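Trainee: Next come a sequence and a model predicted from it.
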Amino acid sequence: MQSTPWPERFVDLKRQIVEATPDYEKRLTESWKDLLGELDKRAADIAQAGPDYIPQVHYEDLDKLSAEEIDIIRRKGTVVIKDVVDDSEARAWKTALDDFIKANPHVQGFPEQDKQFFMLYWTRSQVQARAHPNVLKASAWLNKQYHVKSGKPLEGVDLNVPLVYADRFRIRHPGPGWDKFPPHVDGGAIERWEDESFRKCYADILSGNWRAHDPYELEGRLDARSSLYGRPGQATIFRSFQGWLAMSEAAPTQGTLRVFPDLVLSNAYTILRPFFRPTVPLNSEDILKPENWVFDISTPDFPGILILADGFSGPRPTPEQHPHLRLEKTMTSVPKVNPGDMVFWHCDVVHSVEQDHTGKEDSAVMYIGAVPQTPMNTEYVKKQAETFLAGINPPDFVKDQSSTIYVGLGIDADVKEPIARVAMGLPIQVA
């Protein structure tokens, strides 16, 4: 539970947000009750289907999908893309990462006594994987799921041009007790409400019309500040989808990704939850009944957002604070993947990692998200390229000690294709 008291200024923020809507208490209350009814029905469907609820497509079929198939992916916010990279190539990257760790025993990672999640960004395997043309083309396909409702051209924006965001990797060993990644949403915490540009992404929800919410409307994302407090590890760029590339087999119960696979519903509930409170105890058998919730903006707290010494973390929905999501039943493991498959989830999707890995082999993935060319992203990639060439941690992450030297990092020559050099912010070599 949150022990740090919320600053009273957040009462003013809540009031400021809702006062933009005429007759806001009535409209938001009606919308909330409608949302709870829809969540009740959808949660049952999700729980019954399990991993089969998650769409799967083959990389070679991305441009052949029907409008209906694409709509399903967009609504669920998560997709497994099979065979993006050849199995043998993906397995070779994992072997090379194992060798890198052995050659550099001082690498940062956790758990401290048995490192499995590594604070490494520029190993040769990672650089090569991000530069792979198929990985970048899959990213561009995902970026193009976004659109501009107004239809007006946006300066410096090209959804056909994928960029690279350097992130980490994990090589998880079989065993229980992995509790570092409970259900959460990345890419901004209190910023979703506090930053005016970010808040525009949820304007329909906040005005009492959650059914009109479009998570793929691009315009509000371009200037959204997802890191108002400069907390290390908080992404400052816009990733259309987060993602990872499998370097091993991974199946449900084997330490894989779990998601809440209905993007509109989870967004609507997460964003509206701070404006409502239960009139019965959180552990009451009647907590799910809509009549036991009332509109209330008299308190400064935002359930699911954690106050830290250096800013805010979350959203982190919990069964207690967000009961209508029914997280115990609806957090859905992605289907089995093989080396070279990729999994992507929209930047707003509630996701977690299974606590237990019941398999017999390592579950290994590289985190590679989809990043479109926008002015903010292009600026970040320029700074990131400088850190790549210098062999130091990217701008969004904690700086390594200046004395830290790694053997076997990727270099400029590992990024050959023009599409990859543009994505990395590197100059294209002219023959």
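Mentor: Right, received. Where do you want to start?
Trainee: Please count neighbours and contacts with C-alpha atoms only from this point.
Mentor: OK.
Trainee: can I assume Ala189 is in contact with Pro315?
Mentor: Yes: with contact defined as CA atoms under 8 Å, Ala189 and Pro315 form a contacting pair (5.5 Å).
Trainee: so what sits against both of these two?
Mentor: Ile305 (CA atoms under 8 Å, 6 or more residues apart in numbering).
Trainee: what about the stretch 251-400 of the chain, any weak spots by pLDDT?
Mentor: Residues of the stretch 251-400 of the chain meeting the criterion pLDDT under 70: none.
Trainee: Show me where it has its strands.
Mentor: Residue ranges of the strands in the stretch 251-400 of the chain, as given by DSSP state E, counting those that start in this stretch, are 257-259, 276-278, 293-295, 306-308, 311-313, 332-333, 342-346, 351-353, 363-367, 371-373.
Trainee: Identify all contacting residues around the last one.
Mentor: Spelled out, that is strand 371-373. With contacts defined as CA under 8 Å, 6+ apart, strand 371-373 is touched by 139-140, 143, 156-165, 238-241, 377.
Trainee: same question, the second one
Mentor: Contacts of strand 276-278 with the rest of the structure, by CA under 8 Å, 6+ apart, involve 287, 292-297.
Trainee: chain center to that strand: distance?
Mentor: Counting by CA atoms, centre = their mean, to the nearest Å, strand 276-278 is centred 27 Å from the centre of its parent chain.
Trainee: List the neighbouring strands of it plus their orientation.
Mentor: Strand 276-278 pairs in its sheet with strand 293-295 (antiparallel), by DSSP bridges.
Trainee: for the protein, what's the longest helix?
Mentor: Across the chain, the longest stretch assigned as helix under DSSP state H is helix 24-49.
Trainee: For the spatially closest residue to Gly233 that is not a sequence neighbour, list the residues it contacts.
Mentor: In this structure, Gly233 finds its nearest non-sequential neighbour in Phe397, 4.8 Å apart by CA to CA, 6 or more residues apart in numbering. Contacts for Phe397 (CA under 8 Å, 6+ apart) come out as 232-234.
Trainee: if you set the cut-off to 10 Å instead, what comes out?
Mentor: Residues near Phe397 by CA atoms under 10 Å, 6 or more residues apart in numbering: 119, 121, 166-167, 231-235.
Trainee: Now secondary structure, neighbour count and pLDDT too, for those residues, in TSV please.
Mentor: Shown next, in TSV, are the contacts of Phe397 (DSSP: H, G, I helix; E, B strand; the rest coil; neighbours: other CA atoms under 10 Å; pLDDT from 0 to 100):
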residue	secondary structure	neighbour count	pLDDT
Met119	coil	18	94
Tyr121	coil	25	97
Ala166	coil	24	98
Asp167	coil	23	97
Arg231	coil	18	77
Pro232	coil	15	73
Gly233	coil	14	72
Gln234	coil	19	77
Ala235	coil	20	84
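Trainee: now these in a markdown table, with distance to Thr330?
Mentor: Formatted as a markdown table, these follow (distance: CA to CA, whole Å):
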| residue | distance to Thr330 |
| --- | --- |
| Met119 | 30 |
| Tyr121 | 32 |
| Ala166 | 30 |
| Asp167 | 28 |
| Arg231 | 30 |
| Pro232 | 30 |
| Gly233 | 28 |
| Gln234 | 26 |
| Ala235 | 26 |
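Trainee: Most widely separated two among the residues you listed?
Mentor: Tyr121 and Arg231 (18.4 Å; CA to CA).
Trainee: From Pro105, how far off is Leu97?
Mentor: 12 Å (CA to CA, to the nearest Å).
Trainee: Check Thr358 too.
Mentor: Taking CA to CA, one finds Thr358 at 27 Å from Pro105.
Trainee: quick one, which of those two is more surrounded?
Mentor: Shown here are Thr358 and Pro105; by other CA atoms under 10 Å, Thr358 has more neighbours (15 against 9).
Trainee: just checking, that one touches Gln254?
Mentor: Yes: with contact defined as CA atoms under 10 Å, Thr358 counts as touching Gln254 (5.1 Å).
Trainee: in stretch 204-220, what counts as buried?
Mentor: Across stretch 204-220, burial judged by 16 or more other CA atoms under 10 Å covers 204-210, 213-220.
Trainee: Check the offset of it from the chain's centre.
Mentor: Centroid separation for stretch 204-220 versus its chain: 18 Å, with CA atoms, centre = their mean.
Trainee: what do you get for stretch 8-25?
Mentor: That offset, for stretch 8-25, works out to 28 Å (CA atoms, centre = their mean).
Trainee: Go ahead and name everything in contact with it.
Mentor: Here stretch 8-25 has contacts from 27-28, 30-31, 190, 193-194, 196, 199, 203, 206-208, 274-275, 294-302, using CA under 10 Å, 6+ apart.
Trainee: Alpha carbons of stretch 106-122, in PDB - could you do that?
Mentor: Output of stretch 106-122 as PDB, limited to C-alpha atoms (Å, rounded to 0.1, in the frame of the first residue of the first chain):
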ATOM      1  CA  HIS A 106      30.900  -7.400 -14.000                       C
ATOM      2  CA  VAL A 107      27.700  -6.800 -16.000                       C
ATOM      3  CA  GLN A 108      24.800  -5.100 -14.100                       C
ATOM      4  CA  GLY A 109      21.600  -7.200 -13.700                       C
ATOM      5  CA  PHE A 110      19.300  -8.800 -11.300                       C
ATOM      6  CA  PRO A 111      18.700 -10.900  -9.200                       C
ATOM      7  CA  GLU A 112      22.100 -10.000  -7.900                       C
ATOM      8  CA  GLN A 113      23.200 -13.500  -7.000                       C
ATOM      9  CA  ASP A 114      21.800 -15.100 -10.200                       C
ATOM     10  CA  LYS A 115      21.600 -12.400 -12.900                       C
ATOM     11  CA  GLN A 116      18.800 -13.000 -15.500                       C
ATOM     12  CA  PHE A 117      17.700  -9.500 -16.500                       C
ATOM     13  CA  PHE A 118      20.600  -7.500 -17.800                       C
ATOM     14  CA  MET A 119      21.300  -3.800 -17.900                       C
ATOM     15  CA  LEU A 120      23.000  -4.100 -21.300                       C
ATOM     16  CA  TYR A 121      22.100  -2.200 -24.400                       C
ATOM     17  CA  TRP A 122      24.800  -2.400 -27.000                       C
END
